[in-house]
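>>> just a sequence and a predicted model for now, questions to come.
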Amino acid sequence: MLDALEAFVSRVTQASKQHRTWKGTGSRPTHGRIAGSVVCALVAAGAAVSIISPLQAGAPIWHQATAMPFGFAVFEPSASADGRFVAFRSAFNFTGENADANFEIMLFDRELGTVAQLTNTTAFYGNFEPGVTPDGDAVIFRSAFNFTGTNADGSFEVFEIDVATGAVSQLTFTPGNAILAAPRLSSDGACVVYQTSQDGTMDVWRYRRADGQTIAVTNSMLGKSATAPVVNGDGTRIAFLSNNNFDGSNPDSSIEVWRWTQGFGFEHVTQTTPSAQNEFPGIDAGGEHVSFISRANLAGENPAFTREIFVCDLSRRGRMTFAQATPSVVGGKNLEPVLSPDGAFVVFESDRDPIGENPDKNRELFRYDLALDALTQVTISEYGAPIALLSDAAAKNYICVSGDSQHIAYRSEHELDPEADDPAPDANLELFVAAITPALLGDLDEDGEVDELDLGICLGEWGTLGSFADLDGDGFVGPTDVAILLGAWS
């Protein structure tokens with residue numbers, strides 16, 4: 001049925017084959033105007049043309065949500081599903097209730113432009129790692145304070161606070177000598193995952209808010225551990241790091257990225273060596289994509305074994321594929337990547353110059369789009385602390401993406417908002433929020449338009465497996481990808 005289209009593509013491909021440079025950057029390809037001919041070929045071939053709305057292109061417009069004097073900072077932002085509410089921790093006295101400068105949980109309301117203090121604890125009892133529910137009505141967090149009279153041993157536990165009433169509930173009950181850390185709330189608010197040593201080894205646990213059910217997801221052998229859990233949208237899939245040998249595929253006890261699926265068990269995402277140094281896993285709402293940092297050469301683009309960001313696609317059973325989000329660069333460092341809930345992109349900080357827009361090697365925010373296999377620089381600034389000088393707290397949990405994948409909360413010392421009511425810019429780590437402007441679907445040459453140039457690139461990639469021009473994600477470039485591109489035509 002597609003003979004007419006294939007014959008046409010064969011002719012065009014000979015003249016328009018374009019070799020790809022890194023993530024769509026490099027010299028701009030040139031092609032003739034052939035869109036009308038392709039439409040005719042598609043119709044003649046009987047192909048169905050899906051018309052979709054093109055996405056908006058452009059950089060985020062940042063709003064500075066906090067303005068603190070020198071010496072204070074914002075840590076660990078967490079956004080509600082629509083991005084209206086952002087919970088974070090800070091020692092600043094926003095409301096007059098934190099005179100002792102303790103680390104308390106705060107909640108920013110983007111619609112009202114206000115900051116509320118949710119916890120009020122005494123000195124030496126900090127509150128950490130908040131996670132806000134989809135509608136912003138509750139916030140979970142980690143603390144050693146005895147809010148409810150049930151934490152007399154002063155162990156770190158997961159608590160939940162009702163925003164409207166201020167009522168606090170204790171969700172976990174660990175022994176006083178146990179460690180509890182890294183709580184994460186699923187994007188639908190149903191589950192909390194965390195790591196704890198309450199059974200003698202560091203393991204991943206899951207708490208279900210609806211009925212209080214608590215289960216140990218992993219059961220590590222003596223001398224092994226499972227850490228850094230991240231949870232998908234409904235809590236049925238969890239990615240984490242472990243040197244355990246769950247299924248017999250990790251005999252060298254290297255620290256690998258694993259995925260646990262409820263009712264299914266464990267999958268070995270990375271099968272590398274100890275030198276790979278896998279770290280910082282992330283997972284999307286569907287649990288089908290997992291991001292992480294590794295020194296392994298998983299996609300064939302890291303022969304120097306430098307520390308790079310990867311995304312693993314586990315959506316096709318038995319066809320696990322890896323994409324390398326950052327080019328191999330010696331020197332500099334990429335910070336903790338954050339995978340959007342819809343699995344469309346990864347955001348991260350880096351002090352490298354991967355696409356030629358960061359010659360001063362300042363620490364900037366970057367974005368990798370999976371469908372386009374494209375890397376873009378989100379922020380451009382002139383100063384800031386290098387990664388090597390960041391504290392451990394400032395080097396992680398610095399950014400979050402809302403559940404709808406349309407809003408971002410970011411702590412930064414850069415002056416990102418030129419209209420901010422901040423009379424004395426002082427390089428504090430302030431909270432910034434923005435609506436995310438998605439990449440332009442079909443803009444293969446990244447010039448801000450979907451036109452004949454992109455069409456020529458798509459035709460030049462015709463039939464290619466694993467190509468950046470595979471817009472529908474079916475594994476190869478074909479008629480549907482051309483149809484999607486035409487639907488997004490500028």
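Good, I have the coordinates.

>>> now residue 147: how far from residue 88?
Distance of residue 147 to residue 88, given as Cβ to Cβ, to the nearest Å: 19 Å. For glycine as for every other residue, the C-beta is placed from the backbone atoms N, C-alpha and C.

>>> more neighbours, those two?
More neighbours surround residue 88 than the other of residue 147 and residue 88, with 27 against 19 (other Cβ atoms under 10 Å).

>>> report the contact partners of the more buried one.
Residues near residue 88 by Cβ atoms under 8 Å, 6 or more residues apart in numbering: 74-78, 105-106, 108, 130, 409, 411, 431.

>>> out of the residues you listed, which are buried?
74-78, 105-106, 108, 130, 409, 411, 431 (16 or more other Cβ atoms under 10 Å).

>>> if we can go back for a sec, which single one of the contacts of residue 88 is nearest to residue 261?
Set against residue 261, the nearest of the contacts of residue 88 by Cβ to Cβ is residue 78 (24.3 Å).

>>> show me what the closest one bridges to in the sheet.
The partner list for residue 78 in beta bridges (DSSP bridges) reads residue 87.

>>> so where do the helices sit in the stretch 351-490 of the chain?
452-460, 479-487 (DSSP state H, counting those that start in this stretch).

>>> for residue 122, which of those helices is the nearest?
helix 479-487 (57.4 Å).

>>> give me the domain ranges for the protein.
Residue ranges for the domains of the chain, per automatic domain parsing: 3-54+443-487, 63-435.

>>> pick out the shakiest of these, pLDDT-wise.
With a mean of 61, domain 3-54+443-487 has the lowest mean pLDDT of the domains of the chain.

>>> state the distance from residue 265 to residue 219.
For residue 265, the distance to residue 219 - Cβ to Cβ - is 12 Å.

>>> sorry, wrong one. I was asking about residue 63.
In terms of Cβ to Cβ, residue 63 sits 45 Å off from residue 219.

>>> same check on residue 337?
From residue 337 over to residue 219 (counting by Cβ to Cβ), the distance is 28 Å.

>>> who has more neighbours out of those two?
Legend: neighbour count by other Cβ under 10 Å for residue 337 and residue 219, higher for residue 337 (24 against 13).

>>> what ranges does the stretch 51-200 of the chain have for its strands?
Applying DSSP state E, counting those that start in this stretch to the stretch 51-200 of the chain gives strands spanning 63-64, 75-79, 85-90, 104-109, 114-117, 127-132, 138-143, 157-162, 168-170, 180-185, 191-196.

>>> buried deepest among these, which one?
strand 85-90 (a mean of 27; mean count of other Cβ atoms under 10 Å).

>>> reformat the buried ones among the contacts of residue 88 as a markdown table; add distance to residue 475.
Formatted as a markdown table, the buried ones among the contacts of residue 88 follow (distance: Cβ to Cβ, whole Å):
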| residue | distance to residue 475 |
| --- | --- |
| 74 | 42 |
| 75 | 41 |
| 76 | 38 |
| 77 | 36 |
| 78 | 35 |
| 105 | 44 |
| 106 | 45 |
| 108 | 42 |
| 130 | 40 |
| 409 | 34 |
| 411 | 38 |
| 431 | 40 |
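
>>> could I get the full set of helices for the stretch 201-350 of the chain?
Read by DSSP H, counting those that start in this stretch, the stretch 201-350 of the chain holds no helices at all.

>>> span of stretch 410-420 from start to end?
15 Å (Cα to Cα, to the nearest Å).

>>> what residues are up against residue 478?
Residue 478 touches 462-463, counting by Cβ under 8 Å, 6+ apart.

>>> and if you look at residue 464?
Taking Cβ under 8 Å, 6+ apart as the test, what residue 464 contacts is 470, 476-477.

>>> ok, so of those, who is nearest residue 453?
Using Cβ to Cβ, residue 477 comes nearest to residue 453 of the contacts of residue 464, at 15.9 Å.

>>> ramachandran angles for the closest one?
phi -90, psi 120 (degrees, to the nearest 10).

>>> tell me how far it lies from residue 241.
In this view, residue 477 and residue 241 are 35 Å apart by Cβ to Cβ.
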